[in-house]
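Participant: no sequence on this one, just coordinates:
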DNA sequence: TCTGAGTACGTACCAACGGTATGTGAATGA
DNA sequence: TCATTCACATACCGTTGGTACGTACTCAGA
């Protein structure tokens, strides 16, 4: 073996850290290669998609081999999940930051929407989270992930808004409303992300959603009660 | 060669059609194998998903070979697309039938919603259209397909409802509203399809959406105007 | 009725890819 | 110094989507 393995070549280019090994050099190397894998995978997934991105392509881009990849991840899907989580974490943090600007629930809702509409224009978010997320992770895992990030935020806001309207609804109905609003926002995001002119699209979406919210607010202020879903149920008792 | 090919065995089980060959027997055989392929693929895709379903599994179930499959389709994705189209066509027809029951726009909207919420409980629709459709077909093709079916219906209804409210809005805004409502309905459908008790979930979703629609109606009737999206645009003129 | 062409497949094969089993050298602790 | 362990590298395998090609059957026309 005349030439050393590619991984060692990168290591040579890494900044030497002669500090006290609070974390060992091995751990640092390890973390750095893992991050390299995730970073490169993110790029490839973003502009080629999951299926069209081979593991070979990823490890080549990260200048390691499949051995390294399988040391850090259990498989291709796990790599995707790591990429997914990173993107979602970034997005989530960004929205939370924006939300701090206001206290009023209705205001927060619009601010959150605006922040979300910015994020959704990011190519990686579109590809990894919106487009391929559900299919690659499976619906179950996808929803688990979302629960902890974007969807969780929507649910928080819906709760605030509806409580502000003095509607005292069950957890189930809150969940239902949240799902519906989340779907609406996702579609809105999609609409923006595929628009020829995103600025205009954002303005239109904001107008539309603000109008819908205004409708709800109007109902709340004029004291219209939320109907009981039970009324819609046929009164037979044999269920499932 | 003692035993004949598998395809000929099925042909033997087919009803003999000694009629005048308005369509030739070859064409009939061909159509029948094609349908067999689509039918079996639909089943397999539904309960195993796209990736986990191999072509071998499909052709075995349809009692033909890959040669036959590749004669009728350009590849695996094309098979999926055929399955997708069939499901969407069925769903679309079902909704259109339901919509005929009423003339009132707001009423039609709710009827359409009800019909959609029934459809979305179908396992094949969930798997093929909702879950895997976007990823397998690619967003572009997926949206083309939806344009011609479910989304097209939503758009029709949104147009009716908004026109009924005497809102005279641009095509762009109509598109935006439609996208948002479609997203809301998709999420609603998802919510129903994953619910432990679908009946209850349907009732909740109907209540929630009816409430949102009522909000819009209330705004319309009290003469609240839809804001101009242009107002939200920053007044710089350098765009894209 | 015979024939030639075209259709509707079947069969054999390949390259690519995800995944695994195993080897190896550097870092770490004793 | 030495053994152990970690962080990879290397070699290999099974499956799968796709292709090339062979073949039986159908059907129009002579």
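Facilitator: Cool, got the structure. Just so it is clear, the structure is predicted and the values come from calculations on it, not from any experiment.
Participant: so who does residue A:194 touch?
Facilitator: residue B:139 (CB atoms under 8 Å, 6 or more residues apart in numbering or on different chains). C-beta here means a position set from N, CA and C on the backbone, and glycine is covered the same way.
Participant: from residue B:195, how far out is it?
Facilitator: For residue A:194, the distance to residue B:195 equals 30 Å [CB to CB, to the nearest Å].
Participant: now residue A:201
Facilitator: Using CB to CB, we find residue A:201 at a distance of 33 Å from residue B:195.
Participant: so who does residue A:81 touch?
Facilitator: Contacts of residue A:81 (CB under 8 Å, 6+ apart): A:137, A:141, A:145.
Participant: what segments of chain A are helices?
Facilitator: Using DSSP state H, the helices found in chain A span residues A:6-13, A:25-48, A:55-61, A:66-72, A:76-99, A:105-119, A:123-124, A:133-147, A:150-164, A:171-193, A:198-221.
Participant: what are the buried residues along the second one?
Facilitator: The reference is to helix A:25-48. A:28, A:33, A:34, A:36, A:37, A:38, A:40, A:41, A:42, A:44, A:45, A:46 (16 or more other CB atoms under 10 Å in any protein chain shown).
Participant: let me see the domain layout of chain A.
Facilitator: As assigned by automatic domain parsing, chain A contains the domains A:20-73, A:76-223.
Participant: lowest average confidence across helices and strands of chain A, where is it?
Facilitator: Confidence across the helices and strands of chain A bottoms out at helix A:6-13, with a mean of 43, counting by mean pLDDT, DSSP states H and E.
Participant: low-confidence stretches in chain A?
Facilitator: Applying pLDDT under 70 to chain A flags the ranges A:1-26, A:234-240.
Participant: pick out the residue in it sitting closest to DNA strand D.
Facilitator: Scanning chain A for proximity to DNA strand D using CB to the nearest atom of the strand identifies residue A:67 as nearest, at 1.8 Å.
Participant: from DNA strand C, how far out is that residue?
Facilitator: Look at residue A:67 and DNA strand C: by CB to the nearest atom of the strand, to the nearest Å, they are 5 Å apart.
Participant: next, count neighbours for that residue.
Facilitator: 10 (other CB atoms under 10 Å in any protein chain shown).
Participant: what's the neighbour count on residue A:55?
Facilitator: 16.
Participant: what's near enough to touch it?
Facilitator: Contacts for residue A:55 (CB under 8 Å, 6+ apart) come out as A:66, A:69, A:76, A:79.
Participant: how about residue A:164?
Facilitator: Here residue A:164 is in contact with A:105, A:106 (CB under 8 Å, 6+ apart).
Participant: and the gap between it and residue A:85?
Facilitator: 32 Å.
Participant: and which of the contacts of residue A:55 is nearest residue A:152?
Facilitator: Checking the contacts of residue A:55 against residue A:152 with CB to CB, the nearest one is residue A:79 at 24.1 Å.
Participant: ok, that closest one touching residue A:40?
Facilitator: No - counting by CB atoms under 8 Å, residue A:79 stays clear of residue A:40, with 9.8 Å between them.
Participant: what's the overlap in contacts for the two?
Facilitator: residue A:58.
Participant: contacts only, for the closest residue to residue A:187 other than its chain neighbours.
Facilitator: In this structure, residue A:187 finds its nearest non-sequential neighbour in residue B:183, 2.3 Å apart by CB to CB, 6 or more residues apart in numbering or on different chains. Applying CB under 8 Å, 6+ apart, we find residue B:183 in contact with A:183, A:184, A:185, A:186, A:187, A:188, A:190.
Participant: switch the cut-off to 6 Å
Facilitator: By CB atoms under 6 Å, 6 or more residues apart in numbering or on different chains, the contact list for residue B:183 reads A:183, A:184, A:186, A:187.
Participant: most surrounded residue in those?
Facilitator: Neighbour count (other CB under 10 Å) singles out residue A:184 as the most crowded of the contacts of residue B:183, with 27 neighbours.
Participant: and it, how far from residue A:110?
Facilitator: Relative to residue A:110, and taking CB to CB, residue A:184 is found at 13 Å.
Participant: next one: residue A:119
Facilitator: 15 Å.
Participant: which of these two has more residues huddled nearby?
Facilitator: Set residue A:119 next to residue A:110 and count neighbours by other CB under 10 Å: residue A:119 wins out with 22 against 16.
Participant: just give the closest residue to the more buried one, not the sequence neighbours.
Facilitator: residue A:91 (4.7 Å).
Participant: which of the domains of chain A is buried the deepest?
Facilitator: Neighbour counts (mean count of other CB atoms under 10 Å in any protein chain shown) averaged over each of these peak at domain A:76-223, with a mean of 19.
Participant: any part of it near DNA strand C?
Facilitator: Yes - Domain A:76-223 comes into contact with DNA strand C (CB under 7 Å from any atom of the strand), by way of A:76, A:77.
Participant: so that domain, near DNA strand D or not?
Facilitator: No - Domain A:76-223 does not reach DNA strand D (CB under 7 Å from any atom of the strand); its nearest approach is 12.0 Å.
Participant: quick check: end-to-end length of that domain?
Facilitator: With CA to CA, to the nearest Å as the measure, domain A:76-223 spans 53 Å from end to end.
Participant: residues in contact with the spatially most central residue of chain A?
Facilitator: Nearest to the geometric centre of chain A sits residue A:88, at 3.5 Å (CA atoms, centre = their mean). By CB under 6 Å, 6+ apart, the contact set of residue A:88 is residue A:149.
Participant: how does it look with 8 Å?
Facilitator: A:129, A:145, A:146, A:148, A:149, A:150.
Participant: just flag the most distant two among these.
Facilitator: Maximum distance among the contacts of residue A:88 (CB to CB): 12.8 Å, for A:129 and A:148.
Participant: residue A:154 contacts residue A:188, doesn't it?
Facilitator: No - counting by CB under 8 Å, residue A:154 stays clear of residue A:188, with 11.7 Å between them.
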